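Novice: Sequence unavailable; structure follows:
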C-alpha cells in the first residue's frame with residue numbers, strides 16, 4: 001500500500017502596496033534619519049512651533065473632543081479587540097491561524113515601541129507644565145536618561161504606531177470573520193478602518209501636546225514598517241505542527257467563504 005504524501009504549498013510572502021522592499025527600507029531610513037536629526041538638536045524649532053500653536057488654539061470643547069478621539073489609539077483595548085476577533089474566527093473556522101496575526105503584532109509592538117522609548121528618553125511637551133516641570137527648552141532633546149523613565153517616553157509615539165499596527169490587524173481579520181457569518185465587507189470600508197483611526201490619533205496626540213510632531217511622525221514610520229511586515233506574512237501557508245493541532249491548521253484568513 002502506498003503512503004499518501006501531503007503536498008505543501010510553497011511559502012511565499014504576500015504582496016503589499018507599494019510592492020517591493022524599497023518602501024520598507026525608505027521608511028526605516030526615514031525613521032533613522034529623523035532620530036539622527038533630533039539627536040543633533042535639529043527640527044526643534046518645528047516641534048516647538050507646532051506645540052505652541054496647538055496650545056494657543058485649544059479651547060475646552062476641542063480639547064475634550066480630541067481626548068475622546070485619542071482613545072482610538074489605546075494599545076491595550078486594541079490588542080484585546082484584535083485578539084478577540086482572532087479567537088472568534090478561529091472557533092468558527094476551526095483553525096488556529098486567525099490567532100497568529102494578533103500574537104505576532106503584540107510581539108512586534110512590545111519589542112520595538114517600548115525599547116525605543118526607553119532608549120531615546122525624550123520628555124513630552126507637557127513636561128514643562130506638569131511633573132517633572134522642566135524648562136521648556138529642556139523638554140525637546142533626546143537621551144535624557146537622568147530623568148525617571150516615566151517622564152521620558154515620548155519618542156516615538158506609541159499611540160500612533162499602535163493604531164497603525166492594530167487597525168491593520170483588525171482590517172486583516174474583518175473580512176474573513178464576517179465571511180464566516182455569510183456577510184461581505186466592502187473594500188472601501190477595510191481601507192477606512194486601516195487609514196482613518198491612525199490619522200485621527202496622529203492629529204489628536206500632537207494637538208493635545210502629548211507628543212511632539214516628530215514623535216508622531218516617528219510613530220507613523222515605525223507603525224508602517226511593522227504593518228507592512230505583518231501583511232507580508234502568508235498566514236494560511238505558515239507551517240504548523242499538524243499532529244499536535246489535530247486538523248486546526250487549515251487555511252482561514254484568505255480562503256474563508258460564506
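Specialist: Perfect, I can see it now. Being a predicted model, the structure only gives us computed values, none of them experimental.
Novice: Could you use CA atoms for every contact and neighbour count after this?
Specialist: Fine.
Novice: Where does the prediction get shaky in the stretch 1-150 of the chain?
Specialist: 1-10 (pLDDT under 70).
Novice: what helix or strand is the nearest residue to residue 43 once chain neighbours are set aside on?
Specialist: In this structure, residue 43 finds its nearest non-sequential neighbour in residue 37, 7.0 Å apart by Cα to Cα, 6 or more residues apart in numbering. Assigned by DSSP states H and E, residue 37 falls within helix 22-39.
Novice: Following element in sequence after that helix, please.
Specialist: From helix 22-39 onward toward the C-terminus, using DSSP H and E, the following helix or strand is helix 44-56.
Novice: right, and the helix or strand after that following helix?
Specialist: Taking DSSP H and E, what comes next after helix 44-56 is helix 60-70.
Novice: Contacts for that next one, please.
Specialist: 200, 201, 204, 205, 207, 208 (Cα atoms under 8 Å, 6 or more residues apart in numbering).
Novice: Counting neighbours, which of those residues comes out on top?
Specialist: residue 201 (27 neighbours; other Cα atoms under 10 Å).
Novice: That residue is in contact with residue 158, isn't it?
Specialist: No - counting by Cα atoms under 8 Å, residue 158 is not a contact partner of residue 201; they are 10.3 Å apart.
Novice: does the nearest residue to residue 168 once chain neighbours are set aside sit in a helix or strand, and which one?
Specialist: Of all residues not flanking residue 168 in the chain, residue 194 sits nearest, at 5.3 Å (Cα to Cα, 6+ apart). Per DSSP H and E: residue 194 is located in helix 187-207.
Novice: Which strands and helices lie in contact with that helix?
Specialist: Other helices and strands packing on helix 187-207, by 3 or more Cα pairs under 8 Å, 6 or more residues apart in numbering; DSSP states H and E, are helix 44-56, helix 60-70, helix 158-179, helix 213-232.
Novice: Throw those into CSV and include distance to residue 100, thanks.
Specialist: Formatted as CSV, the helices and strands packed on helix 187-207 follow (distance: least, Cα to Cα, whole Å):
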stretch, distance to residue 100
helix 44-56, 38
helix 60-70, 27
helix 158-179, 10
helix 213-232, 10
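Novice: hey, which of these is tucked in deepest?
Specialist: When neighbours are counted by mean count of other Cα atoms under 10 Å, the highest per-stretch mean among the helices and strands packed on helix 187-207 falls to helix 158-179, a mean of 26.
Novice: And residue 215, how close does it get to residue 68?
Specialist: Here residue 215 is placed at a distance of 20 Å from residue 68 (Cα to Cα, to the nearest Å).
Novice: can you check residue 75 too?
Specialist: Distance from residue 75 to residue 68, by Cα to Cα: 15 Å.
Novice: same question, residue 170
Specialist: Residue 170 is 20 Å from residue 68, by Cα to Cα.
Novice: Check residue 80 too.
Specialist: 19 Å.
Novice: Residue 139 too?
Specialist: Counting by Cα to Cα - residue 139 and residue 68 are separated by 25 Å.
Novice: and what of residue 134?
Specialist: Distance from residue 134 to residue 68, by Cα to Cα: 27 Å.
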